[in-house]
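Novice: Please work out how this folds:
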Amino acid sequence: MPQPIADRIAEIYQAESRRVLATLIRLLGDFDQAEEALQEAFSSALSVWPKDGIPEKPRAWLVSAGKFRGLDAMRRQGRGKQLARQQAEESPRGYTPAPGWDGDVVKDDLLRLIFTCCHPALPTDSRIALALRSVCGLTTAEIASAFLVPEGTMKKRISRAKAKIREEAIPYEVPTQSELPARLGTVLHVVYLVYNEGYSATEGTQHQRRDLASDAVFLSRLIADLLPEPEALGLHALLLLHESRSAVRIDDQGDVVPLGEQDRALWNQELIAQGVELVQRTVMSGRLGPYGLQAAIATVHAAADSLEATNWGLIVEYYDLLIELQESPIVELSRAIAIGMRDGPEAGIALIEALLASSDLASYHRAHAAKADLARRAGFLEEARESYRRAVQLVRQEPERRYLEKCLMEISR
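Specialist: You can find the predicted model right below:
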């Protein structure tokens with residue numbers, strides 16, 4: 001196969017596979033069958049496209065190929081008649097727009113898949129895990145690591161969730177307005193986690209996964225349009241403000257550019273303005289939640305001319321409020337860093353050391369990297385070296401590894 005075609009197919013897989021899977025789940029009504037159909041569709045593409053050329057609409061081609069193979073497999077299993085009736089009636093399971101919504105707004109299959117995964121009949125952890133597996137494409141091992149459970153345990157949770165959706169015929173749809181609040185919190189959390197993976201990948205050769213980040217921003221806008229609750233607006237604002245910096249977070253070689261070294265003149269001012277306007281609406285509502293507070297913190301960074309000129313006192317105040325609403329070692333780590341910037345590095349180091357001793361952050365490379373950075377600022381070079389070494393041992397993403405090794409080399413000189 002010519003390398004340009006192979007590369008293009010790989011790009012299409014990266015960009016389109018999650019949406020193709022979401023559509024196949026809607027059409028076939030079965031997660032496992034849809035996953036197999038997706039792989040069959042791309043196998044066909046690898047055989048057909050080098051000879052016939054890549055179609056003008058590759059996603060539609062893949063959906064059609066996957067649907068055909070999925071239906072054929074289900075017929076062989078004796079499950080095809082009912083599905084064929086549904087196809088003939090042009091009413092795939094759950095695809096009719098739910099009452100109270102504009103069908104043109106909610107026909108995004110990826111959004112429908114998230115709402116299906118986040119059905120209140122499923123346990124909370126299973127909802128998030130299934131959504132991350134199906135929407136984000138994370139491996140079971142990666143999800144198990146995020147939940148701090150064995151891989152076998154997480155595999156069983158995901159399998160049970162898929163089976164429950166199939167057996168109870170949980171509809172593949174955006175719920176009505178009256179039903180939405182029961183799912184909104186989990187849906188927002190899933191989109192937030194999808195964006196986090198796109199913003200900084202768990203592992204691999206790329207620092208950012210732009211496909212995931214773009215999908216998450218798009219989905220957050222759809223959700224904010226569907227239900228402009230303060231937290232939905234806050235999440236959309238947060239993602240827009242983070243996106244405003246995306247172009248300068250890596251250099252031309254794909255290496256990490258830390259916040260203090262970014263060219264702020266290149267931050268996207270249009271996205272910042274949109275995010276700030278949404279934060280103002282959220283604040284005026286009087287119902288500032290965790291996403292709204294994180295967005296407010298992002299506006300403080302956006303308003304500063306440099307790292308040193310940032311209003312770290314205000315950021316610490318926001319983190320104090322955030323911890324009251326959402327106890328999290330990651331939030332406490334971010335607060336410790338802000339205190340180190342406000343009160344001096346030694347104050348931040350003391351807080352991070354306490355977190356490393358008493359929480360699950362001991363195996364989190366960014367906690368050690370944060371301690372190393374503050375120790376470096378304080379002039380504690382041996383302490384900084386030791387923390388950088390530990391961070392390098394734990395990191396699973398190559399660009400971050402290169403950045404940490406560069407920091408270690410600089411202070412070792």
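Novice: Quickly find the element holding the residue nearest the centre of the chain.
Specialist: For the chain, the residue sitting closest to the mean C-alpha position, by CA atoms, centre = their mean, is residue 194 at 1.3 Å. In this assignment (DSSP states H and E), residue 194 forms part of helix 181-199.
Novice: Mind checking the pLDDT average for that helix?
Specialist: Per-region confidence: helix 181-199 scores 89 on mean pLDDT.
Novice: Show the subsequent helix or strand relative to that helix.
Specialist: Criterion used, DSSP H and E; the element after helix 181-199 is helix 210-226.
Novice: For that following helix, buried residues please.
Specialist: Within helix 210-226, the residues that qualify as buried by neighbour count (16 or more other CB atoms under 10 Å) are 211-213, 215-217, 219-224, 226. From N, CA and C alone the C-beta is placed, and that goes for glycine too.
Novice: average model confidence for stretch 13-25?
Specialist: Looking at stretch 13-25 alone, the average pLDDT works out to 87.
Novice: Only the C-alpha atoms, please, for it, written as CSV.
Specialist: What follows is stretch 13-25, C-alpha atoms only, in CSV (Å, rounded to 0.1, in the frame of the first residue of the first chain):
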residue,chain,number,x,y,z
TYR,A,13,-9.3,6.4,11.8
GLN,A,14,-8.0,8.9,14.4
ALA,A,15,-10.5,11.6,13.4
GLU,A,16,-13.6,9.6,12.6
SER,A,17,-13.5,6.2,14.4
ARG,A,18,-15.4,7.4,17.5
ARG,A,19,-18.2,9.0,15.6
VAL,A,20,-18.4,6.0,13.3
LEU,A,21,-18.6,3.8,16.4
ALA,A,22,-21.3,6.0,17.9
THR,A,23,-23.5,5.7,14.8
LEU,A,24,-23.0,2.0,14.6
ILE,A,25,-24.0,1.6,18.2
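Novice: What strand or helix carries the closest residue in space to residue 28 that isn't next to it in sequence?
Specialist: Take residue 28 and drop its neighbours on the chain: the residue closest to it by CB to CB, 6 or more residues apart in numbering is residue 70, 4.6 Å away. Assigned by DSSP H and E, residue 70 falls within helix 58-76.
Novice: likewise residue 233?
Specialist: Using DSSP H and E, the element containing residue 233 is helix 230-243.
Novice: Any regions of the protein where pLDDT drops low?
Specialist: 1, 78-107, 146, 148 (pLDDT under 70).
Novice: Return the longest helix in it, judged by number of residues.
Specialist: helix 3-28 (DSSP state H).
Novice: Quick check: which helices or strands does that helix pack against?
Specialist: helix 31-52, helix 58-76, helix 109-117, helix 210-226 (3 or more CB pairs under 8 Å, 6 or more residues apart in numbering; DSSP states H and E).
Novice: relative to helix 58-76, how tilted is it?
Specialist: Orientation check (axes from the mean of the first three to the mean of the last three CA atoms, to 10 degrees): helix 3-28 against helix 58-76 gives 50 degrees.
Novice: Report the distance from helix 3-28 to the chain centre.
Specialist: 18 Å (CA atoms, centre = their mean, to the nearest Å).
Novice: orientation of that helix relative to helix 109-117 in degrees?
Specialist: Computed by the same axes, to 10 degrees, the angle between helix 3-28 and helix 109-117 is 50 degrees.
Novice: Would you mind listing the buried residues in helix 3-28?
Specialist: 5, 9, 12-13, 16-28.
Novice: ditto for stretch 277-293
Specialist: Quick answer for stretch 277-293 (16+ other CB under 10 Å): 278-279, 282-283, 285, 288-293.
Novice: Dump these to a markdown table, plus distance to residue 246 and secondary structure.
Specialist: A markdown table is the format used below for the buried residues of stretch 277-293 (distance: CB to CB, whole Å; DSSP: H, G, I helix; E, B strand; the rest coil):
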| residue | distance to residue 246 | secondary structure |
| --- | --- | --- |
| 278 | 18 | helix |
| 279 | 18 | helix |
| 282 | 22 | helix |
| 283 | 25 | helix |
| 285 | 28 | coil |
| 288 | 25 | coil |
| 289 | 24 | coil |
| 290 | 22 | helix |
| 291 | 18 | helix |
| 292 | 21 | helix |
| 293 | 21 | helix |
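Novice: Of these, just say which sits nearest to residue 115.
Specialist: residue 291 (18.1 Å; CB to CB).
Novice: Next, the residues that contact stretch 298-308 from outside, please.
Specialist: 237-238, 241-242, 244, 259-260, 264, 267, 272, 275-276, 279, 310-311, 314-315, 318, 341 (CB atoms under 8 Å, 6 or more residues apart in numbering).
Novice: End to end on it, go ahead and measure it.
Specialist: One end of stretch 298-308 to the other measures 15 Å (CA to CA, to the nearest Å).
Novice: that older thread, counting contacts, what elements does the helix holding residue 70 pack onto?
Specialist: helix 3-28, helix 31-52, helix 80-88.
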